[in-house]
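In: here's a sequence, model it:
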Amino acid sequence: METRTFGKLGPVSALTLGGGGTGGVWGATTREEAVETVLAAVEGGITFLDVAPGYGNGEAERVVGEAFGGRLPEGVRISTKHHLGNVPGGEVAGTLRQALAASLDRLRLERVDLFFLHGMVVPDGFEGRGTPRSLFVEAARPAFEAMVAEGTIGAWGVSGVGVPSALLETLAEDPAPAAIQCVANLLDSPGGMRAYHEDPRPRELIAAANARGVGVMGIRAVQAGALTDAIDRDLPDDHPEVVDFRRAAPFRALAAEVGESPASLAHRYTLSMEGIATVILGVKNRAELSECLEAEAKGPLDAELMARIDAAVAGSQG
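Out: Residues are numbered from 1 along each chain as shown. This is a model prediction of the structure:
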């Protein structure tokens, strides 16, 4: 598998195995199948695992713990996360440490390579869920830095699904995060994760991160199923993922024309985007993983096909 530079964190496989699928977020799976999927991912050349307590109420972390028994294979790294929200400033450090300790227990590990602030960084006064910028600057960021100094985490990062203006400020400041997880798909759509009124601007966030040497992990390559043959869970007709699925109809037609599955072509598109170090997979079983491994092995898309894909979805409506 291709290896890429992950910001200041060194080399990483072009694909990362995410915990959403193995944690049951993207449809039903079993513990046994999830464990086998993790093992197959590492055997297939994946060197990074990305999990979170929110993926199946800790299930994705337990799957990794069971798969490796507390000893990750040589060269394999891992990240987990915590939804901080808007807690009192004096409770931030303790909350993060407590959350990390619980994650490490499920993972059967003593440290993680990356610890992400899960959820949104938002402007002060934002009406909705998220971690206000002032709380992040005054309490969360110093707590992350202290945890790095203590050695319980190798580095820290932020989720790129927050309010774009707040994230751009965060990327511009020192100390900058080591990594950010950014929406990266051919629709430039965060889908149901969008909880703000600003334009999402995912490619602007990716460019800003690259300018600061922040490693970018691409998420939502298939936009939670909208860029596949069919969404495999029941959603209402007006759900953002269903709207995007209809919007992607011209893309599916183009995939059929070139003889490739929509999911494979969507993953290759994201792998071909400028500035992406690694693409996080949301697969829940070995069959889905195999398709993604095969897509990566086909290599990047040429500029002509990228342009055709962009043209196919430009102006399409849900």
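
In: tally of neighbours for the closest residue in space to Tyr55 that isn't next to it in sequence?
Out: With C-beta to C-beta, 6 or more residues apart in numbering as the criterion, Tyr55 has its nearest non-adjacent residue at 3.1 Å, and that residue is Gly23. Bear in mind the C-beta positions are built from the backbone N, C-alpha and C, glycine included. Under the neighbour criterion other C-beta atoms under 10 Å, Gly23 is assigned a count of 25.

In: for Tyr55, same thing?
Out: Tyr55, neighbours per other C-beta under 10 Å, totals 24.

In: what's the answer for Val137, then?
Out: The burial count for Val137: 14, using other C-beta under 10 Å.

In: what residues are up against it?
Out: The contact partners of Val137, by C-beta atoms under 8 Å, 6 or more residues apart in numbering, come to Glu173.

In: show me what contacts Val42?
Out: So Val42 contacts 17, 73, 76 (C-beta under 8 Å, 6+ apart).

In: secondary structure element for it?
Out: Taking DSSP states H and E as the definition, Val42 sits inside helix 31-43.

In: could you export that helix as PDB, CA atoms only?
Out: What follows is helix 31-43, C-alpha atoms only, in PDB (Å, rounded to 0.1, in the frame of the first residue of the first chain):
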ATOM      1  CA  ARG A  31     -17.700  -8.700  17.300                       C
ATOM      2  CA  GLU A  32     -16.100 -11.700  15.500                       C
ATOM      3  CA  GLU A  33     -16.400 -10.100  12.100                       C
ATOM      4  CA  ALA A  34     -15.200  -6.700  13.400                       C
ATOM      5  CA  VAL A  35     -12.100  -8.300  14.900                       C
ATOM      6  CA  GLU A  36     -11.300 -10.200  11.700                       C
ATOM      7  CA  THR A  37     -11.800  -7.000   9.800                       C
ATOM      8  CA  VAL A  38      -9.200  -5.200  11.900                       C
ATOM      9  CA  LEU A  39      -6.700  -8.100  11.500                       C
ATOM     10  CA  ALA A  40      -7.300  -8.200   7.800                       C
ATOM     11  CA  ALA A  41      -6.800  -4.400   7.500                       C
ATOM     12  CA  VAL A  42      -3.300  -4.600   9.200                       C
ATOM     13  CA  GLU A  43      -2.400  -7.600   7.000                       C
END
